[in-house]
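Q: mind folding the following:
(chains A and B)
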Amino acid sequence: MKIYRTWNVKPYALVLPALLLAVVFAYRPFVITILNSFHTVNLGGVRMQFVGVENYQRLFGSESFQASLSNTLRFTLFFVPTNITICLAAALLSNREGKLATLNQIFFFLPMAVGLSSAMMIIKMMFNPSIGIINHLIGSDIQWFNDPKAAMALLVIAGVYLDIGFNFLLLSAALRNVPKELVEVANLEGAGKMSIFRYLQLPLIAPSLVFVLMTNIKDAMLISSPVLILTEGGPFRSTQTLVYQMYLEGFKSGNYAMGSAIATVVFLLTFTILLSLLHLERRRVYYQ
Amino acid sequence: MRRLLIIALLVFSTVQGIFALGATEEPLDQVKTITWWHSNSGLAGKASDALVASFNATVGKEKGIQVQTVYQGKSNDVLTKTKAILQSNTTSDLPDLVQLDGSAVLDIRDQKKLIAMEDLAKADGYDLANVIEAARLSVTYKNKMIAMPFNSSTILLYYNKTAFEEAGITDAPKTLKELGTTAKALLKTDEKGKVTRFGFANVPTTYELIVWLGQQNGLSYITDEENGHTGPPTKVLFDENGTMVNFLSRWKELYATGAVENLTSDLNGAFASGRVAMIVASTSNLTTIFSMVGDRFEVGVANFPMVDEKATGGVNVGGGAIYALDNGAGNQAAAWEFVKFATSAEEQLKWHVATGYFPVHQDTYSLQAFEQHLVENPHYGVAIRQLMASNPKLQGIWVPSAYQIYYAFQSGILKMLQENRSAEETSKALEREINSYFSEFLRMQGQ
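A: Down below sits the predicted model:
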């Protein structure tokens, strides 16, 4: 009888600390956020009155939200392919033996060692239109912070910089796991680099690639910190993303209900995209 | 015997508190420590440290008050930290004094822990008329001065004097129309027709519009409730009183000269590099701009251009103020002593010389040393004469969703210029969007 009881309690006791953290920092705020989005909430954070979907109606009717939605989707559309191409190219190029390759790998991995805020401050200075080094080097006078298109491009550059370290690590490891014998055989059979990549490496790293793709989409949908430091949503709201608007509404304007409504929309949107991708993955990707 | 010893030891250990009083000298016990959270860095940081040191060594020493400064980052960070404590109800952590800028008013003005500066002044028999009217009204909510203006500034026109001389221009523009003519004369292009120097750069948003809308017809309010100074605003007035349409029409004409760049950030840099010949910026940028430009060219400053000849309201006072908070320590009177000292005529002169923020005490202006200072630094004189000639009732707006409204103005005006919308249409669209933020705020407060 005694043994039976310890068997029962032990796993729960072990999972308790993690569960407690999850409840306090994830599940409870999640429920409160959804609750808030259906109420009016005053400056002190107290729920006042149930209003149904009125917050959502107002949100979708506002020009500011429409801009955020379109900016976020546009950013995702630009960022994800750019980032994956660059990271994959970096991983392929440095996937060889030798000291120089190791050096390359370190360089690609290095951005992970620099804190986000400091990195963004440095990028902000480098891209300063009048005294920054970038415009000086390429001999242009691109108004990185005044031209909506340039500002969006800058945000994509910053996003790639932030993600390259981790993605490179994952793809690089996946490429190394491709059995060498297979590559050698393919070489002997006279397959070119392109065909080796297309028919051998790509299918074998597909699971990692899908993981990178998913985290990329999540990162893109939730982007806010670079916006906060680099552009503050400007110029003319052209880089105001959903999560940045959530920050503005919830923390700057003290409108918790609207902030919660935006958070819920972002969650549902990201969730749907990832779910449909997962569905696709089940049909197209094979695990070894 | 042993038992007696143990009892004596026990008594000693439990009641040692009563002997503690004898351990320290009495006067030290009565020294009150005041904490002051501020956002002054660089030159202003040095000046505020000097101010506190001087207080602690003189009045503070005499009255047993010591002020401790805590630099809490940018003005916005100070507000975030203060708000966090106010919401958590651990009010004993609140500073006695906190320096905040205009955007903080909405969050702080209805707090129970805020002690209106006017009450502290009155308890001391201090005459509020000592504070110059425009600055006093800039922190007046529902007819009460809730804070003490401290780092006050106004908006100013900065121009490239060397470029002016090259182009043969002698006078700085006084109206938007003149600004257009001047800007056009300053415009420079290369062989390919690419602009190498713009005459003027700006996309008007809250900071500029407070003045350009407010100064029309002597004085115009942008929102009801006197720009939010008597309560939360419920609607904007700029469409019905026509000030927005008037301004936008003038702005369209100005933009049509082709000499204006739609610049929204790093205007100081663009001006200092010579790519833009005129900008408008706060007087608190004076020192920064002068040091950025160095000896590349000569910088001139002039009154902020008026919308038209009928816009006689002048400019408003911006910047920050010191708020007193109740943290339960009963330090109010001591905190007031410091505020009184910091905004006294002599200290305001030192503060002004060191930072460029203009003095808020009436008597500073008649000090011999101040007049001398203006002779040596004529630029400061321009800003001060401009303010003195302004209608003190012209005040900044206290509105909810200030960030959203800032971008609403900015992108609304850009849309008008790029998609060639009419001034009337733009004014109506702005009215609609900003009113929705007001109604949203009132709805959330259950009103």
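Q: A:Val74 contacts A:Met152, correct?
A: You called it Val, but residue A:74 is Arg. Yes: A:Arg74 is within contact range of A:Met152, at 6.9 Å (criterion: CB atoms under 8 Å). Quick note: C-beta positions are derived from backbone N, CA and C, even for glycine.
Q: grab the most central residue of the chain for me.
A: As the question left the chain open, I've gone with chain A. Nearest to the geometric centre of chain A sits A:Asp219, at 1.0 Å (CA atoms, centre = their mean).
Q: can you look at chain B instead?
A: B:Gly319 (0.9 Å).
Q: just give me how far the host helix or strand of that one sits from the chain centre.
A: Using DSSP states H and E, B:Gly319 sits within strand B:318-325. Mean-position distance between strand B:318-325 and its chain equals 9 Å (CA atoms, centre = their mean, to the nearest Å).
Q: by contact count, what packs against it?
A: Counting contacts by 3 or more CB pairs under 8 Å, 6 or more residues apart in numbering or on different chains; DSSP states H and E, strand B:318-325 packs against strand B:97-101, strand B:114-115, helix B:117-123, strand B:148-153, helix B:332-342.
Q: partners of the second one in the sheet?
A: It refers to strand B:114-115. strand B:318-325 (antiparallel) (DSSP bridges).
Q: so for the partner strand, mean pLDDT?
A: What strand B:318-325 shows for mean pLDDT is 92.
Q: around chain A, pick out the residues from chain B.
A: Those residues of chain B that sit near chain A, judged by CB under 8 Å from any CB of the partner chain, are B:80, B:87, B:107, B:203, B:262-266, B:269-270, B:272-273, B:275, B:400-404, B:407-408, B:410-411, B:414, B:433, B:436-437, B:440-441, B:443-446.
Q: and if we set it to 7 Å?
A: Counting by CB under 7 Å from any CB of the partner chain, chain B comes close to chain A at B:87, B:107, B:262-266, B:269-270, B:273, B:275, B:400-401, B:403-404, B:407, B:410-411, B:414, B:433, B:436, B:440, B:443-446.
Q: which among those count as buried?
A: B:107, B:262-266, B:269-270, B:273, B:275, B:400-401, B:403-404, B:407, B:410-411, B:414, B:433, B:436, B:440, B:443-445 (16 or more other CB atoms under 10 Å in any protein chain shown).
Q: adding mean pLDDT and mean neighbour count, write the helices and strands packed on strand B:318-325 out as JSON lines.
A: Putting the helices and strands packed on strand B:318-325 into JSON lines (pLDDT from 0 to 100; neighbours: other CB atoms under 10 Å in any protein chain shown) gives the following:
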{"stretch": "strand B:97-101", "mean pLDDT": "93", "mean neighbour count": "24"}
{"stretch": "strand B:114-115", "mean pLDDT": "93", "mean neighbour count": "19"}
{"stretch": "helix B:117-123", "mean pLDDT": "93", "mean neighbour count": "18"}
{"stretch": "strand B:148-153", "mean pLDDT": "92", "mean neighbour count": "25"}
{"stretch": "helix B:332-342", "mean pLDDT": "93", "mean neighbour count": "21"}
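Q: what's the closest of these to B:Lys184?
A: Nearest to B:Lys184, of all those, is strand B:148-153, at 29.7 Å by CB to CB.
Q: and the residue nearest to the centre of chain A, what does it touch?
A: A:Asp163 (CB atoms under 7 Å, 6 or more residues apart in numbering or on different chains).
Q: any idea how far A:Ala158 is from it?
A: From A:Asp219 across to A:Ala158, the span is 12 Å (CB to CB, to the nearest Å).
Q: where's the residue lying closest to A:Val160 once chain neighbours are set aside, which helix or strand?
A: Sequence neighbours aside, A:Asn83 is the residue nearest to A:Val160 in space, at 5.0 Å (criterion: CB to CB, 6 or more residues apart in numbering or on different chains). Using DSSP H and E, A:Asn83 sits within helix A:63-93.
Q: for the residue nearest to B:Ile397 when sequence neighbours are not counted, grab the count of nearby residues.
A: Residue nearest to B:Ile397 in three dimensions, not counting chain neighbours: B:Asn227, with 4.5 Å by CB to CB, 6+ apart. Residues lying near B:Asn227 (other CB atoms under 10 Å in any protein chain shown) number 23.
Q: quick one: residues in contact with the host helix or strand of B:Gln87.
A: Assessed by DSSP H and E, B:Gln87 sits inside helix B:75-88. Taking contacts as CB under 7 Å, 6+ apart, the residues outside helix B:75-88 that touch it are A:44-45, B:37, B:39, B:72, B:91, B:93-94, B:98-101, B:104, B:107, B:111, B:113, B:320.
Q: go through the buried ones among the residues of chain B next to chain A and flag which are in helices.
A: B:107, B:269-270, B:403-404, B:407, B:410-411, B:414, B:433, B:436, B:440, B:443-444 (DSSP state H).
Q: need those residues in TSV (columns: pLDDT).
A: Output for those, formatted as TSV (pLDDT from 0 to 100):
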residue	pLDDT
B:Asp107	85
B:Gly269	88
B:Ala270	90
B:Tyr403	87
B:Gln404	89
B:Tyr407	91
B:Gln410	92
B:Ser411	91
B:Leu414	92
B:Glu433	93
B:Ser436	92
B:Glu440	89
B:Arg443	88
B:Met444	85
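Q: and those residues, which is closest to A:Glu184?
A: B:Gly269 (56.7 Å).
Q: tally of neighbours for the residue nearest to that closest one when sequence neighbours are not counted?
A: Once flanking residues are discounted, B:Gly269 sits nearest to A:Ser130: 4.1 Å by CB to CB, 6+ apart. By other CB under 10 Å, 20 other residues sit near A:Ser130.
Q: can you pull the contacts of A:Ser130?
A: Taking CB under 7 Å, 6+ apart, we find A:Ser130 in contact with B:Asp266, B:Gly269, B:Ala270, B:Ser273, B:Arg275.
Q: what sits against the last one?
A: With contact set as CB under 7 Å, 6+ apart, B:Arg275 has these partners: A:Ser130, B:Arg197, B:Phe198.
Q: if we go to 8 Å?
A: Residues in contact with B:Arg275 (CB atoms under 8 Å, 6 or more residues apart in numbering or on different chains) are A:Ser130, A:Asp141, B:Thr196, B:Arg197, B:Phe198.
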